[in-house]
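Enquirer: Can you look at this prediction? I've put the sequence above it.
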Amino acid sequence: MFSTVGVQYEQLNDMRVKFEGSVEQQDDLHAKYDLNLTADNLKVAALQAEEQAETIAEQFLTGILVHGDSPDVLSCCVRSYILT
């Protein structure tokens, strides 16, 4: 009988350790993909896109940049957002 209780106790401890690991992993993922953080990152990316668009427009209007030379603003900002 003690053997069965000992085995069950070990199984319970193993399950507790796995559960605690899963809870920690869930907390990490929740922090990483928090909606407020995502919204903040999108706002920053939008501001960066706006600034870059203004710079490109100024360069184009002053003749520094000619049609066809402008970088793809949206892809630059999307890449920037994905990397953060």
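Expert: Good, I have the coordinates.
Enquirer: what helices or strands is the longest helix anywhere in the chain leaning on?
Expert: The longest helix of the chain (DSSP state H) is helix 2-32. Packed against helix 2-32 by the contact rule (3 or more Cβ pairs under 8 Å, 6 or more residues apart in numbering; DSSP states H and E) you find no helix or strand. C-beta here means a position set from N, CA and C on the backbone, and glycine is covered the same way.
Enquirer: and after it, which helix or strand comes next?
Expert: Using DSSP states H and E, the next helix or strand after helix 2-32 towards the C-terminus is helix 35-61.
Enquirer: Please point out which parts of that following helix sit buried.
Expert: The neighbour-count check on helix 35-61 (16 or more other Cβ atoms under 10 Å) flags A45, A49, Q52, I56 as buried.
Enquirer: So what angle separates the directions of that helix and helix 2-32?
Expert: Helix 35-61 and helix 2-32 are oriented at 30 degrees to each other (axes from the mean of the first three to the mean of the last three Cα atoms, to 10 degrees).
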